[in-house]
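**Q** Give the three-dimensional model of this entry:
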Amino acid sequence: MNAAKLSLFLLFLCATNSLAQAPPPEPADDEPTAILELGGAVNRTLSDHAWSSGPSVAVEFTPIKRWLELEAGITQLFRSHSTEWDIDLLFKKPWDLSKKLEFMAGIGPQWGHVNQFGLKTNSWSGEAVLDFMFWPSAKRKFGWYLEPSFDYSFARGHERSVGITGGLLIAIRPKSAH
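**A** Reported below is the predicted structural model:
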């Protein structure tokens, strides 16, 4: 992913802010403090076509309603003779498509630690994601998500990979003052 493509992606995110959004799905005082994402990930490198998979956990919160959501996550990927830990911080623009469906597009840095054949390496990457959140109830207590991604490593060789993460969403709300 070169700088021109990244610039176009950022321009797209900024331009879409002018699109009308659906009203918020719930009153502001019932907004979740955070959303916990528990799931699994599958990843494939584009250079050597190696597959890896493993568990993933992330927490997401909204510092600027309808404008910015931050997601911090950690994923452990396994493949033959290799273990990889990825930690990422994603900056996402949310769109409420309905009371039960939310879409986000985001980018951010990713740090990876790989142990392959006993050789340990650390590297930085850039990550771009599309995030689809499905809430069976309009109250948005529990749901599920799918998050396709593209990673571009800044380390030697500039490895690229595609993946998808999916799993359970759990809304964390403040205790009510009843």
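**Q** tally of neighbours for the residue lying closest to Pro32 once chain neighbours are set aside?
**A** Leaving aside its sequence neighbours, Pro32 sits nearest to Ala171 (C-beta to C-beta, 6 or more residues apart in numbering; 4.0 Å). Glycine gets a C-beta too; all of them are placed from N, C-alpha and C. Counted by other C-beta atoms under 10 Å, the residues lying close to Ala171 total 18.
**Q** For the protein, just list every one of the helices.
**A** All helices of the chain, identified by DSSP state H, fall at 3-15.
**Q** show me what contacts the residue nearest to Pro32?
**A** Neighbour list for Ala171: 32, 35, 140-143 [criterion: C-beta atoms under 8 Å, 6 or more residues apart in numbering].
**Q** Could you double-check that Ala50 lies in contact with Arg79?
**A** Yes: using C-beta atoms under 8 Å, Ala50 is in contact with Arg79, at 5.7 Å.
**Q** Let me know the closest of the contacts of Ala171 to Leu70.
**A** The nearest member of the contacts of Ala171 to Leu70, counting by C-beta to C-beta, is Ile35 at 10.9 Å.
**Q** any idea how far that closest one lies from Leu168?
**A** If you measure Ile35 against Leu168 using C-beta to C-beta, to the nearest Å, the figure is 10 Å.
**Q** Please name the nearest non-neighbouring residue to Phe62.
**A** Quick fix: residue 62 reads Thr, not Phe. Once flanking residues are discounted, Thr62 sits nearest to Glu69: 5.1 Å by C-beta to C-beta, 6+ apart.
**Q** Since that was my last question, I'll sign off now.
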